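Trainee: with the sequence up front, the predicted model follows.
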Amino acid sequence: MALGSVLQQSMFDRMMRAGFPSIVLVALAGCGTSSDVPRTVPLVNGQPSQTDEADMRAPVALAGREAITFAELAAPMAEIAGAQVLEEVALDRLLAQRAREMGMTVTQQQIAAEQGLFVRTMADEAGLSERDAAVALARVRASRGLGPVRYNALLPRNATLRALVAANAVPTAEQIEQELALATGERYRVRIITSSSQSAVAQAREQVLAQPQEARSAAFGNLATSVSGDGSAARGGLLESVSPADPAVPGVIRSTLGTLAPGDGSPVLVLDAGFAILLMESPVAPLESDSETTRERVTQRVTLRLQRLAMDRLARELLSGANITVLDSSLGWSRENRAGSR
């Protein structure tokens, strides 16, 4: 993936993961079996569930004057989202069992804290006010089908996962310092052209450097739109804020940033999959000031990120070892054909 695309995707992923750590979005192949058999009564702890047959056949909607029952909706809904919901419900059971084994009780206070954590983390990592983050949270919930039932199940699920991993998700000093460097260190506004052709990049460099210094930015931007294969090409190759401490940026680019003055062009740089040139526009202000408050905020940010990774890893481990057996044909179809499961 091109550098500009990498940086944009990284920002989007941080916002989404900040808002919703550990929603079960994994599709685990081979954890259990399914069979194309007539629908059966689901089992709970080896016993038939207590769903009231009358409830299944009671009207839940009207089409004009025609009644529609939940029984008519169950199979289509299972095909649409059954695999996702199955994994969420199964994970809730597995987490409750693991918490009992560990002698751990998750309190209502811990569950309530997850709601505030979503908003604060989205605000921090996506650069939003808490008010805007709350609005963004509502939109993301709607886009992911997190209505009251699923969302109210997500909060204790995350609280339990967090409690189970917290002791082992502690950042190192090195991890904190790297995040501090990203937050408080130097940043640069640059333009980039990438190509699989070394000669195309070298020729573009010659054309740019032949221009007076004050005309180089416009010349570089025009060339980027037609020559560059980077995701930033439509913006004239412009990258608004690049940090030499960002591990998502190729090392040869990071080491070059601090050597260029405004208006300078870089040599032709060799990337893993092609070649690139940079044009330095200007230094830009750090994202955050270097203060004790920033250090505390950065430490919390890194801690939460490590917790999210550990929470997702634990969720996958529990589900992969659960030996889930699907007894319903519609639910089985959903699980076998879930997007991304193969």
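Mentor: Arrived safely, thanks for sending. Numbers count the residues shown, from 1 in each chain.

Trainee: and the strands in this protein, which stretches?
Mentor: For the chain, the strands defined by DSSP state E occupy 33-34, 43-44, 47-48, 59-63, 66-69, 187-195, 238-242, 269-271, 274-284, 325-326.

Trainee: which residues does the fourth one contact?
Mentor: If you take Cβ atoms under 8 Å, 6 or more residues apart in numbering as the criterion, strand 59-63 is touched by 67-70, 73. Using the backbone N, CA and C atoms, a C-beta is placed for each residue, glycine as well.

Trainee: give me the buried positions along that strand.
Mentor: Judged by neighbour count (16 or more other Cβ atoms under 10 Å), strand 59-63 contains no buried residues.

Trainee: tell me how far it lies from the chain's centre.
Mentor: 37 Å (Cα atoms, centre = their mean, to the nearest Å).

Trainee: can you check stretch 83-92 too?
Mentor: With Cα atoms, centre = their mean, you get 20 Å for stretch 83-92.

Trainee: how about that stretch, which residues are buried there?
Mentor: 83-88, 90-92.

Trainee: among the strands of the chain, show me which one is buried the most.
Mentor: Ranked by mean neighbour count, the strands of the chain are led by strand 187-195 with a mean of 23 (mean count of other Cβ atoms under 10 Å).

Trainee: what pLDDT, on average, does that one get?
Mentor: Mean pLDDT, strand 187-195: 97.

Trainee: can you list the strands that that strand pairs with?
Mentor: Strand pairing for strand 187-195, using DSSP bridges, gives strand 238-242 (antiparallel), strand 274-284 (antiparallel).

Trainee: wait, which of those strands is closest to E186?
Mentor: Evaluated over the strands paired with strand 187-195, closeness to E186 peaks at strand 274-284, with 6.4 Å, by Cβ to Cβ.

Trainee: now intersect the buried residues of stretch 83-92 with the helices, please.
Mentor: Mapping those onto helices (DSSP state H) picks out 83-88, 90-92.

Trainee: can you redo these as JSON lines with distance to E114 and pLDDT?
Mentor: Converted to JSON lines, those look like this (distance: Cβ to Cβ, whole Å; pLDDT from 0 to 100):
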{"residue": "A83", "distance to E114": "24", "pLDDT": "92"}
{"residue": "Q84", "distance to E114": "20", "pLDDT": "91"}
{"residue": "V85", "distance to E114": "20", "pLDDT": "92"}
{"residue": "L86", "distance to E114": "22", "pLDDT": "93"}
{"residue": "E87", "distance to E114": "19", "pLDDT": "93"}
{"residue": "E88", "distance to E114": "15", "pLDDT": "94"}
{"residue": "A90", "distance to E114": "20", "pLDDT": "94"}
{"residue": "L91", "distance to E114": "15", "pLDDT": "95"}
{"residue": "D92", "distance to E114": "14", "pLDDT": "96"}
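
Trainee: and which of the residues you listed is nearest Y188?
Mentor: For those, the closest approach to Y188 (Cβ to Cβ) belongs to Q84, at 42.1 Å.

Trainee: quick check: the closest one vs M77, distance?
Mentor: 11 Å (Cβ to Cβ, to the nearest Å).

Trainee: ok so, going back, switch the strands paired with strand 187-195 over to JSON lines; also include distance to D290 and mean pLDDT.
Mentor: Shown next, in JSON lines, are the strands paired with strand 187-195 (distance: least, Cβ to Cβ, whole Å; pLDDT from 0 to 100):
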{"stretch": "strand 238-242", "distance to D290": "17", "mean pLDDT": "96"}
{"stretch": "strand 274-284", "distance to D290": "16", "mean pLDDT": "97"}
